[in-house]
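>>> With the sequence up front, the predicted model follows.
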Amino acid sequence: MKSKFLLYAALLALAGCQTPEPQSVADSQRPPSSAVRREHVDALQGTIKSGNFVKAEISSVVLLNAEKQIYAYCTRTTERSNPNWSYIGLSLQHDLIVDLKKNDYRCHDKRLRYYDFPELRNMKY
């Protein structure tokens, strides 16, 4: 559990500049699976107090790189202390997180669909 959190923290530090995603990426959207939802909640378990999120949403999963089989999705949340959306973008390869960015520009793409994420909102500490 701690290793996942440390991985996330390290990946946050590696955030870089990128260009907008092509239409083909937006066209590859599919709803997040229950496994993706569960893995995300499991990774945050014990790092965020329960009831901290007022709103929580998870985006569609998109194919970023077909050749390398890299997928991505975003979460957006509001907290009691901050009513503005906070975004986190994650990239996956072979079901492992290979990149994580706080306030990832891709998460703001108007073409990206978001879904209610009660599993995160109701997460137990």
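Great, that's in hand.
>>> going forward, measure contacts and count neighbours with C-alpha atoms only.
Noted.
>>> Tell me what the most centrally placed residue in the chain is bridged to.
Centroid-nearest residue in the chain: residue 74, 3.2 Å away (criterion: Cα atoms, centre = their mean). Residue 74 has these beta-bridge partners by DSSP bridges: residue 89.
>>> That one is in contact with residue 88, isn't it?
Yes. Assessed by Cα atoms under 8 Å, residue 74 is found in contact with residue 88 at 5.5 Å.
>>> Show me the common contact partners of these two, please.
Common neighbours of residue 74 and residue 88, using Cα atoms under 8 Å, 6 or more residues apart in numbering, are residue 107.
>>> Now do the contacts for the residue nearest to the centre of the chain.
Residue 74 sits in contact with 58, 59, 60, 87, 88, 89, 90, 107, where contact means Cα under 8 Å, 6+ apart.
>>> nearest spatial neighbour of the third one, skipping sequence neighbours?
What it means is residue 60. residue 31 (4.5 Å; Cα to Cα, 6 or more residues apart in numbering).
>>> just the fifth one next, same as before
In space, residue 88 comes closest to residue 102 once its chain neighbours are excluded; the distance is 4.5 Å by Cα to Cα, 6+ apart.
>>> Which other helices and strands does the strand or helix carrying residue 41 contact?
Applying DSSP states H and E as the criterion places residue 41 in helix 34-44. For helix 34-44, the elements it packs on are helix 2-13, helix 118-121, judged by 3 or more Cα pairs under 8 Å, 6 or more residues apart in numbering; DSSP states H and E.
>>> Read off the pLDDT value for the residue lying closest to residue 116 once chain neighbours are set aside.
What sits nearest to residue 116 in space, not counting adjacent residues and going by Cα to Cα, 6+ apart, is residue 57, at 4.6 Å. At residue 57, the model reports a pLDDT of 96.
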